[in-house]
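> Got a predicted structure plus its sequence, pasted below:
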2 protein chains.
Amino acid sequence: MNTDATVFIVDDDQAMRTSLQWLIEATGLAVQTYESADAFLASYYPGRAGCLLLDVRMPGMSGLELQSHLKRQGYRLPVILITGHGDVAMAVKAMKAGALDFIEKPFHDEDLLRSIHYALAFDQKHRAHDLARTEIAGRIADLTPREHEVMALVTEGQSNKEIAATLGVSAKTVEAHRARVMEKMRAESLAELVRMALLVASETALS
Amino acid sequence: MNTDATVFIVDDDQAMRTSLQWLIEATGLAVQTYESADAFLASYYPGRAGCLLLDVRMPGMSGLELQSHLKRQGYRLPVILITGHGDVAMAVKAMKAGALDFIEKPFHDEDLLRSIHYALAFDQKHRAHDLARTEIAGRIADLTPREHEVMALVTEGQSNKEIAATLGVSAKTVEAHRARVMEKMRAESLAELVRMALLVASETALS
DNA sequence: GCGGAATTTGGAACAAACACCCATGCGTGC
DNA sequence: GCACGCATGGGTGTTTGTTCCAAATTCCGC
């Protein structure tokens, strides 16, 4: 398990916060509590690993609002919603918005803990992937327009000769661009370059 | 919209089936109704485009059971669950299992129709992808064990020489296998082969 | 055992890619 | 103007991959 994974708890009810904190810390996990969505947002920065335990009904920004706000910001922190007075429509809406779980109070401690562990595993699994994707995207951003163009055609399967014809330049020029692409992308092989291209493209593909 | 997309309705209540059928056919969509999960399974074959409207509570196999059964079979038909007496836990369970929506009776016609249209779009979007994936998986299944092994190393980025060392055979042998892999997979380029490998691997990766 | 598929290996010629070297022209910014 | 990055392209040689060819071995099923 990720050693600096933290369970972030946002709930306006002091007693609930304390009780959740005790329960979760007893399993050896780090916990940070906040009494409002704004307090959490003021403290959280992307890159913090963990998961988010969120009360649905709170003064100010509600749990669902915070959830969609984080999603818009591109934060990937897994969200578990907790509610005292939930209904089916609310639960479905939250799950559609990407919540990992939607738990009604009162709940069984084991159910919540199981959900938290799943969320942490989910976060860890996606975090490495996202990091790699960001890294690769950064390298692509460093390519010149022409190099970017050549990389696209190379990863599409065209040979240097075909690319030269497509771009209306000599094969020699394509070779030069291609070599620079391999170097800048730190790709050891064409296969690796194709993998990189697909990795960053996979994000764009998810509507 | 897909012209042969069909809305499959499974509900043990005759009146409900008829009412849903009228509602949906009025929008110009094809509908087929079944009075039980078994009746649906006896008639449905994968490849049929559309979506599935499923009553949760039915004699015999329940809607949730049919949903997980289809999932196990690898069928990707989008599922919309409908229930008269649902609770939050049931809705969350269904959504976790991949249902696109979970609707309580009584519902607004527009809500159901919106959900159906989303499901049909979802189905169409994923169907082409899944078809391609199945096609590629079929070709891979036709590879001999050795060819499969060589393909794995090739798409990993190893050169023929490296593969030869890995497998303990001559580079010449690897060339022969590689050529047969390209032919059997109908890949025009290494990039295409890598794409194929990643396409089928992406499914296995989704735990 | 015999036929066939799978695996193995080699030769020769060719195409493609890579790795160096080099040079020129064109903007942008200091 | 001059330096720098960018795009362009030529030469030369090596490495790698492809495409023909042919052939030996093993193992499985009929």
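Received, thanks.
> Could you use CA atoms for every contact and neighbour count after this?
Will do.
> How about the backbone phi and psi for the residue minimising distance to the centre of chain A?
Closest residue to the average C-alpha location of chain A: A:R76 at 3.2 Å, with Cα atoms, centre = their mean. With angles defined as degrees, to the nearest 10, A:R76 sits at phi -110, psi 10.
> ok, now A:G50?
phi 140, psi -150.
> can I assume it is in contact with A:K125?
No: A:G50 is beyond contact range of A:K125, at 11.2 Å (criterion: Cα atoms under 8 Å).
> higher neighbour count, the two?
Ranked by neighbour count (other Cα atoms under 10 Å in any protein chain shown), A:G50 and A:K125 place A:G50 first, with 28 against 11.
> Next up, the contacts around that one.
A:4-8, A:77-78, A:119-120, A:123-124 (Cα atoms under 8 Å, 6 or more residues apart in numbering or on different chains).
> From A:A5, how far off is it?
Look at A:G50 and A:A5: by Cα to Cα, to the nearest Å, they are 4 Å apart.
> what do you get for A:H148?
Computed as Cα to Cα, the A:H148 to A:A5 distance reads 37 Å.
> Same check on A:H69?
21 Å.
> and these two? which has more neighbours close in?
A count of neighbours by other Cα under 10 Å puts A:A5 above the other of A:H69 and A:A5, at 18 against 14.
> The more buried one against A:A49, yeah?
Yes: the pair A:A5 / A:A49 is scored as a contact, 4.8 Å apart, by Cα under 8 Å.
> what sits against the residue with the largest distance to the centre of chain A?
Most distant from the centre of chain A: A:S170, at 41.8 Å, with distances by Cα atoms, centre = their mean. Contacts for A:S170 (Cα under 8 Å, 6+ apart) come out as A:A164.
> chain center to stretch A:4-24, what's the gap?
Offset of stretch A:4-24 from its chain centre (Cα atoms, centre = their mean, to the nearest Å): 22 Å.
> just stretch A:66-83 next, same as before
10 Å.
> same deal with stretch A:125-139?
On Cα atoms, centre = their mean, the centre of stretch A:125-139 falls 9 Å from that of its chain.
> which residues touch it?
Identification of contacts with stretch A:125-139 by Cα under 8 Å, 6+ apart yields A:49, A:184-185, A:196, A:199-200.
> Does the biggest helix by length in chain A reach DNA strand D?
For chain A, the longest helix by residue count, based on DSSP state H, is helix A:109-141. No: shown here: helix A:109-141 not in contact with DNA strand D (Cα under 7 Å from any atom of the strand), separated by at least 10.3 Å.
> mind listing what's buried in that helix?
For helix A:109-141, a neighbour-count test (16 or more other Cα atoms under 10 Å in any protein chain shown) marks A:112, A:115-124, A:127, A:130, A:133, A:136-137, A:140 as buried.
> how close does A:V7 sit to DNA strand D?
Using Cα to the nearest atom of the strand, to the nearest Å, A:V7 is found at 43 Å from DNA strand D.
> quick one: that residue is in a helix?
No: A:V7 is assigned strand when assessed by DSSP: H, G, I helix; E, B strand; the rest coil, not a helix.
> State whether it and A:T27 are indeed in contact, as I suppose.
No: if you go by Cα under 8 Å, A:V7 and A:T27 don't touch, sitting 11.4 Å apart.
> Neighbour count: the two, which is higher?
The neighbour comparison of A:V7 against A:T27 (other Cα under 10 Å) goes to A:V7, with 23 against 9.
> Tell me the secondary structure at the closest residue to the more buried one other than its chain neighbours.
Beyond its immediate neighbours in the sequence, the residue positioned closest to A:V7 (Cα to Cα, 6 or more residues apart in numbering or on different chains) is A:V31, lying 4.7 Å away. Using three-state DSSP, the structure places A:V31 in strand.
> Against DNA strand D, how distant is A:V31?
From A:V31 to DNA strand D the distance is 45 Å (Cα to the nearest atom of the strand).
> Before I go, just wanted to say thanks for your time.
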